[in-house]
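1. Build the 3D model from these lines:
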Amino acid sequence: MNSSSPGQSGQESFADSIKLLAAALSELAAAYKDQTKCVGRIARTEWRLSVRAVVLALICMICFGSLLGAFWLSGLLLLTLALHAVSASWLLSISTTLLLQLLMLVYLVRTLHRLFARVGFSQTQQAARHLVSLPIQKAPEHAG
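-> From the prediction side, this is the model:
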């Protein structure tokens with residue numbers, strides 16, 4: 001008569017274990033879902049902050065460029081005035097300043113051209129082409 005009791009209690013403990021496991025998995029899934037939502041909120045917040053930081057950095061770069069341009073123009077003006085004081089000719093002073101400005105522009109364009117020529121992945125492309133063109137070699141078979 002008692003032979004069915006131990007079997008039923010074993011089945012009940014197995015069923016209880018399954019229920020506990022299901023509950024734990026449900027809690028784990030809920031926690032994972034909450035973490036995923038938190039990560040999404042963090043990512044959105046970081047994105048907004050990053051966009052703001054980039055915009056502010058661009059504004060600072062524009063201000064820096066404007067300031068640098070103002071200094072450059074002031075320097076050219078002072079150079080023109082100094083040349084005029086020495087030569088007493090506005091035509092000679094202005095043409096000399098413009099020639100120096102043109103030389104600086106040519107130098108900057110050449111430098112930019114050299115720098116942009118280095119931008120790219122030519123070595124990577126060459127290595128990839130070499131890798132693709134390599135013949136496939138079979139592994140040597142061992143005589144055994």
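
2. Tell me where the model's unsure across the chain.
-> Across the chain, residues meeting the criterion (pLDDT under 70) sit at 1-7, 131, 134-144.

3. can you give me how far whichever strand or helix holds residue 78 is from the chain middle?
-> Under the criterion of DSSP states H and E, residue 78 resides in helix 4-87. With C-alpha atoms, centre = their mean, to the nearest Å as the basis, helix 4-87 stands 13 Å off its chain's centre.

4. Show me what that helix is packed up against.
-> Judged by 3 or more C-beta pairs under 8 Å, 6 or more residues apart in numbering; DSSP states H and E, helix 4-87 is in contact with helix 90-118. Yep, even glycine has a C-beta here, placed from its N, CA and C like the rest.

5. what angle separates the helix it packs on from helix 4-87?
-> 150 degrees (axes from the mean of the first three to the mean of the last three C-alpha atoms, to 10 degrees).

6. Pull out the buried positions in helix 90-118.
-> 93, 96-97 (16 or more other C-beta atoms under 10 Å).

7. ditto for stretch 123-135
-> Under 16+ other C-beta under 10 Å, stretch 123-135 has no buried positions.

8. CA-only coordinates of that stretch in CSV, if you can.
-> In CSV, the C-alpha atoms belonging to stretch 123-135 read as follows (Å, rounded to 0.1, in the frame of the first residue of the first chain):
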residue,chain,number,x,y,z
GLN,A,123,48.9,48.2,-48.5
THR,A,124,45.9,46.3,-47.2
GLN,A,125,44.4,46.0,-50.7
GLN,A,126,47.8,44.8,-52.0
ALA,A,127,48.0,42.2,-49.3
ALA,A,128,44.5,41.0,-49.9
ARG,A,129,45.1,40.7,-53.6
HIS,A,130,48.2,38.8,-52.9
LEU,A,131,46.4,36.5,-50.5
VAL,A,132,43.6,35.9,-53.0
SER,A,133,46.0,35.1,-55.8
LEU,A,134,48.0,32.6,-53.8
PRO,A,135,47.6,29.1,-55.1
